[in-house]
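*Asks:* Sequence and predicted structure below; questions after.
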Amino acid sequence: MQYPVYLHKENESHALGATIPDFPGCFSAADAEEELPRMIQEAVELYFEGEDMNIPTPSAIEQLEHDPRYHGGTWKMFDIDLTKVMG
């Protein structure tokens, strides 16, 4: 399922940060953009590990892009395999 991810980078010496707003407190980072899908998938799996939570419906980027917590970065949709977190 496609979920919006907020991507941000402080400067060239830092990794690319990824925040997944539909999963509160779930975030990841990668040194290269090509690594992001794998790192985001891993973060979501860890987020649900040992928890009995409902899987949220993906938010539209338009709902999130004006949130002041997500300023200065970019938005991108990522496919997250939720079959790996469903009990």
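*Replies:* That came through fine.
*Asks:* So residue 41 belongs to a strand, correct?
*Replies:* No: assessed with DSSP: H, G, I helix; E, B strand; the rest coil, residue 41 is helix; it does not lie in a strand.
*Asks:* residues near it, how many?
*Replies:* Residues lying near residue 41 (other C-beta atoms under 10 Å) number 18. The way it works is simple: take the backbone N, C-alpha and C, and place the C-beta from them, glycine included.
*Asks:* Assess the claim that it and residue 80 are in contact.
*Replies:* Yes: counting by C-beta atoms under 8 Å, residue 80 is a contact partner of residue 41 at 6.1 Å.
*Asks:* Was I right to think residue 1 contacts residue 80?
*Replies:* Yes: with contacts counted by C-beta under 8 Å, residue 1 reaches residue 80, the gap being 6.0 Å.
*Asks:* What separation is there between the most centrally placed residue in the chain and residue 41?
*Replies:* In the chain, the centroid-proximal residue (C-alpha atoms, centre = their mean) is residue 20; its distance is 2.8 Å. Residue 20 sits 10 Å away from residue 41 when distances are taken as C-beta to C-beta, to the nearest Å.
*Asks:* Doesn't residue 76 belong to a helix?
*Replies:* No: with three-state DSSP as the criterion, residue 76 is assigned strand and is not in a helix.
*Asks:* This completes my enquiry, with thanks.
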